Each structure stands twice: as C-alpha cells, then as structure tokens.
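everything below, folded, please.
(chains A and B)
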Amino acid sequence: MTEATGDQYREQRLANMRELQRMGYDPFGSAFARTGTLAEIRAAFAAGREVSAAGRIATMRDMGKSRFMDLRDGSDRFQIYLRRDALGEEGFAAAGRLDLGDHIGVTGALFTTRSGEQTIEVRAWRMMAKALRPLPEKWHGLKDVEARYRQRYLDLACNPETREIFARRSRAAAAVRAFLNARGFQEVETPMMQPQAGGAAARPFATHYAALNADMFLRIAPELYLKRLLVGGCDRIFELNRCFRNEGLSRTHNPEFTMLEIYEAYGDVQSMKRLVTDMVAHLADTVYGGRAVRMGETTIDLNPPWREVAYRELLEETMGAGWHALPADEARRRAAERGVAAEPGWGLAEISHEIYEKVIERTLVQPTFVTRLPAAIVPLARACPDDASCADVFELVIGGQEIAPGYTELNDPLEQRRRLEGQAGADREKVDEDFLEALEHGMPPAGGMGVGIDRLLMVLSGAEAIRDVILFPQLRPRKEP
RNA sequence: GGAGGCGUAGCUCAGCUGGCAGAGCAGCGGACUCUUAAUCCGCGGGUCGUGGGUUCAAAUCCCUCCGCCUCUACCA
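Numbers count the residues shown, from 1 in each chain, chains lettered A, B, ... in the order given. Next comes the predicted model:
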C-alpha cells in the first residue's frame, strides 16, 4: 500500500492537515457531545432545532460560497450545509481544507432544503479526525473481495450491506443468549487451550505453554468439558464461542469458527430437536425479520415443522430400494455412476456415507432433520433403543449445509471407553482419561447439540461464503517484498 | 495439495486479433450562496501483481513466483 501515487493523495491531505493546524484546528479532536446519532437526529427532526452531529464526510458538493456535504456514521447519512455568511471568512476557508473521509463534528440548526432534504445549517464545526488516505469511491463502494476481507474497515466504512450483516450477527448472538437464558440455560466458558483436543475428529492447532513446558492444543470442540460440567450438576448449559480446526479453507470453512454447544440433563435427541427448531425460528424472526429466507435463487422456508427422515431412507431414496442389501462391489459400481469414488478398502457403510456427504446433503435445501446415523460415525452418542447399529442423533441440514448435529449423549463410561479406545487404536495417549474418569462419577442422561453459528448466519443473511459473515476471515498472510 | 479463472490510476472498470496506457468517480487550479452521482472550464496522476522469455515492438503471447476467487482434496 505504498504506491507512488497513493502518496500524492497522502501529501495533499497532510498539507490540508497542516493548514488546518495553522488555522488553530486540532486535526485529531477529542470527545464531542453530539445530540445523537445521525439516525436519532433524523428521527427527532424539527425545523429550527439546534443540534450537534458527528460523522465522516461521505460526499461534498462545492458551490463556491456555499457547500453541501453528507456526513455518515454507523446509523445513517445526513446532509450538512456550510455557508460563508454563516461561518465567516475564516471558518469557511478552513472548511475548504476538509477532505472526503474526515471525521468532523458540527453544530447548527435543522432545516429542510427546497428539494425536501433534511439538513443541518452549520454554525460551528470541529475537526474530529483527519483521514490521511482516501476512502473508496462513493458510488461503487469497495468491491475488490480481497481488499474487503483484508481491510474490512474500508468495507464497513463504505458498504452499508456489510454493516447490516454484522449488525445481524450481533443481534443473533444476543438473541441466542436471551432465548437460552429464558429457558433456564446457563452460559459457561471452558478451556480453549486443552492438553488433548477432543470432542470431534479434526486436526487441532498445536501450541506450547512455556510456563508449564507443556504442549497444548486449541480446542476443536468444547464438548468433553461441557460434559464434565453435567457431571458437576450444571444441568442446562451452553457455550457460544470459538473453535479452531487445522483444516483447509473453503466457501464454508474457516479455521476459527463460532460454535454454540448446548447440553440439557435428562433431555435427549427429541428435546434438542424441539429446542433447535424453536431457536432457529426465533432467530429468523428477530434477525432476518421473517421465516422465508432467500438464499441465492431459492427461498428457504424456516417455518416448522421441518422434514424428518432417517439416514437409511435417504440413501434408498437416492440409490434405490435394495441399496442396503447390496454387496460392496455392486455398491461401489453404483456410487461411481453418481460420480462418487470409493476407496479400495471401503465397505457398504463407508460408501453410503460418502454418497450422503457428496451427493445427498447438498440437495437438502429446506430444513431437514436427518436421523438415525450409523453408530460408527458418532462415537459420543448413545445407540437407538431399537437398533444398536444406529446412533440416536439428528443432523440438521439447511441450505445443503450441515448446521447442527444433536445427540442423545452417551453416559455409560465403560461403553464410552470402548469407543474412544477403538477410535484411538494404537494411539492410546489420545484417549482423554480425565474425561472418562469424570464420566465414571456419573453423568446424567442428556441431550446435546452443536450449532454452527457462522453457517446459520449465512442462511440468515443470504451470504454465499462463510467469509462474508466473519469480520476478519483467514487469508494467506501477505509477504512483504 | 490438484484444476480452472482473475490481478490495469486512490476506487469502479475498459483496453487483451502485439503498435504512443484510457474512462467515470476521486485529486489539483478556476466559476458558481438550496446542491444531492451537482454542473461547467482546465490540469496532473500508472512498476498494467512479480521476475524472466519470444519479438523491431508486450498490459496483450509463453514460462516462474505472489495474492484472490470457484471447484476439488483434507474435514464425526
């Protein structure tokens, strides 16, 4: 960002700044008592009323001995009017040294122009902050996607749609907390730095804690700590915070992402299903302003009840009625017809899951609970009462994306040990003994759920990429030449 | 990691059958005391992502590297 011509703008702005200083203006002013935000001033508009307002100069229209500007703050845009007669020779000349993007504070009387625009006729003004670099253009805004992510402040400063997305994000977090608090759930915070990264199957980020000379991992899920809290008698808890997974970037993956995990003692997969249904509908109302949510070409109807279908049925729907009775090599051939390549050692279960993830999941645009997943792929969930090969879980899919898995949690410590040891194989150190010991003290039966907040926000704001709902998404660090 | 696309002024974009690097906005100078994408007159502004190659001549064709995007791979 140090191109030769960029400096031309900077030099001009620096010159304007020095000139303002010479005239007695502090280019980086301090606190300013404004009447309210621009939106509040507009809402309480009354001709003749004296107000103080602050904002960034968004546009300027110079008429010679008078000048119009648009101020912009986080709430609105408001026109101000500067006249030489009103400001005096010096004040008006000083205002001539203002540049687009400068923060100023103004005081003056409200009036309506001939063309009907609500305006402040400025009697006095102050410098709040000089902008030494130009903002992106007023009409097209900032479109360059890389710049929008790397310099999000520019994106926010000139694209109202971006501000709206993150306003929604904030409202969503507040609404989630209010919703859960109202149902007796307590928010907790558990370690992000863990000696063992458990609760999910993902590569963790590794770090080192010098004081203890201990290798640590950034958490991939809070699950195993939240279950310790269930043992401790925290019956209804949730955690809304960051998880980290050392994996690739994609349209729907960011290495740090926000997950909401909820546990309810004496609940099960059914109570979680009801909870997430109510919560998503509530979020649609409060965050999106309706339950028919546009996503690209299609409209997603978030009105409950939502479709519920067993994993096995989905596969039969797609692959034919006899699917589950097929020999592996025949299944492999039919998978290949669907463009799904099965690896050499795979049996029917692995091939089926590959088809589910690669073919079926993306077709589930309307909210769908996929239930009764194979037990082998959900080691922390209890088996279905009527079929030990199925886990008593759901996976909520919206817009073709996995949004929330919900479980009847496994609370049998011996069974849990068998599964974790089976999963760890020879890698016994990966078994979280501390967690198993906690379970042996008795964890109440519970329903548990994890909600991918970023992906849910994508649905609730029509965003096509997870980067668009994360303020500073992960990008490759820029190398200095 | 693999495949494809993109990278030109502060911003948004043209130019890409090789032939003097362009427009709008922004900036600078001038006119204008109700404009609002203000208008009018004039002017300046470029490492065409980087490095190399082909050529009399490269923003344009070829290769390297960097970054971004999409797909893919990894991903309970």
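
give me the domain ranges for chain A.
Domain segmentation of chain A under automatic domain parsing yields A:6-134, A:155-306+A:366-469.

just say which of the ones you listed is most tucked in.
domain A:155-306+A:366-469 (a mean of 18; mean count of other C-beta atoms under 10 Å). The C-beta positions use only the backbone N, C-alpha and C, and glycine is treated the same way.

and that one, is it in reach of RNA strand B?
Yes: against RNA strand B, domain A:155-306+A:366-469 shows contacts by C-beta under 7 Å from any atom of the strand at A:199-203, A:245, A:247-251, A:253, A:377-380, A:405, A:423, A:464-465, A:467.

what are the contacting residues of the longest helix along chain A?
Criterion DSSP state H: the longest helix present in chain A is helix A:160-182. Residues outside helix A:160-182 that contact it (C-beta atoms under 8 Å, 6 or more residues apart in numbering): A:74, A:148, A:152, A:155-156, A:187, A:238, A:240, A:260, A:262, A:278-279, A:282-283, A:286-288, A:453, A:456-457, A:460-461, A:463, A:468-469, A:471.

next SSE after the lowest-mean-pLDDT helix or strand in chain A?
Between all helices and strands in chain A, the lowest mean by mean pLDDT, DSSP states H and E belongs to helix A:4-22, at a mean of 85. Scanning forward in sequence from helix A:4-22 by DSSP states H and E, the next helix or strand is helix A:38-43.

that following helix: how far from the chain's middle?
29 Å (C-alpha atoms, centre = their mean, to the nearest Å).

which neighbours in the sheet does the helix or strand containing residue A:395 have, and how are they oriented?
Element membership for residue A:395 (DSSP H and E) is strand A:393-398. Strand pairing for strand A:393-398, determined by DSSP bridges: strand A:368-371 (antiparallel), strand A:401-408 (antiparallel).

got those as JSON lines, with distance to residue A:418 columns?
Below are those laid out as JSON lines (distance: least, C-beta to C-beta, whole Å):
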{"stretch": "strand A:368-371", "distance to residue A:418": "24"}
{"stretch": "strand A:401-408", "distance to residue A:418": "17"}
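
got CSV for those strands, with mean pLDDT too?
Below are the strands paired with strand A:393-398 laid out as CSV (pLDDT from 0 to 100):
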stretch, mean pLDDT
strand A:368-371, 96
strand A:401-408, 94
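
tell me where the stretch 151-300 of chain A has strands.
Assigned strands in the stretch 151-300 of chain A, in chain order: A:186-187, A:193-194, A:206-209, A:214-218, A:236-244, A:256-265, A:292-295, A:298-301 (criterion: DSSP state E, counting those that start in this stretch).

who wins for proximity to residue A:78 among these?
Across the strands of the stretch 151-300 of chain A, residue A:78 has its closest neighbour in strand A:292-295 (30.4 Å, C-beta to C-beta).

what pairs with the closest one, parallel or antiparallel?
strand A:298-301 (antiparallel).

immediately after the partner strand, which helix or strand?
strand A:307-310.

helices and strands around that following strand, which ones?
Secondary-structure packing of strand A:307-310 (3 or more C-beta pairs under 8 Å, 6 or more residues apart in numbering; DSSP states H and E): strand A:368-371.

and the contacts of the strand it packs on?
A:269, A:273, A:306-311, A:314, A:356, A:364, A:393-398.

quick one on the thing from earlier: quick check: angle from the longest helix of chain A to strand A:236-244?
Relative orientation of helix A:160-182 versus strand A:236-244 (axes from the mean of the first three to the mean of the last three C-alpha atoms, to 10 degrees): 150 degrees.

pLDDT averaged over helix A:160-182, what's the number?
What helix A:160-182 shows for mean pLDDT is 95.

put the alpha carbons of it into CSV.
C-alpha atoms of helix A:160-182 as CSV (Å, rounded to 0.1, in the frame of the first residue of the first chain):
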residue,chain,number,x,y,z
PRO,A,160,-23.9,-0.5,4.3
GLU,A,161,-24.8,-4.1,3.4
THR,A,162,-21.7,-5.2,5.2
ARG,A,163,-22.6,-3.3,8.3
GLU,A,164,-26.0,-4.9,8.1
ILE,A,165,-24.6,-8.4,8.1
PHE,A,166,-22.5,-7.8,11.2
ALA,A,167,-25.4,-6.0,12.9
ARG,A,168,-27.4,-9.2,12.3
ARG,A,169,-24.5,-11.2,13.7
SER,A,170,-24.6,-9.2,16.9
ARG,A,171,-28.3,-9.4,17.2
ALA,A,172,-28.2,-13.2,16.6
ALA,A,173,-25.7,-13.7,19.4
ALA,A,174,-27.8,-11.6,21.8
ALA,A,175,-31.0,-13.4,20.7
VAL,A,176,-29.4,-16.8,21.2
ARG,A,177,-28.4,-15.9,24.8
ALA,A,178,-31.7,-14.4,25.6
PHE,A,179,-33.5,-17.4,24.1
LEU,A,180,-31.5,-19.9,26.1
ASN,A,181,-31.4,-17.9,29.3
ALA,A,182,-35.2,-17.7,29.2
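
quick one: it to strand A:256-265, angle?
Using the same axes, to 10 degrees, helix A:160-182 lies at 20 degrees relative to strand A:256-265.

alright, that wraps it up for me.
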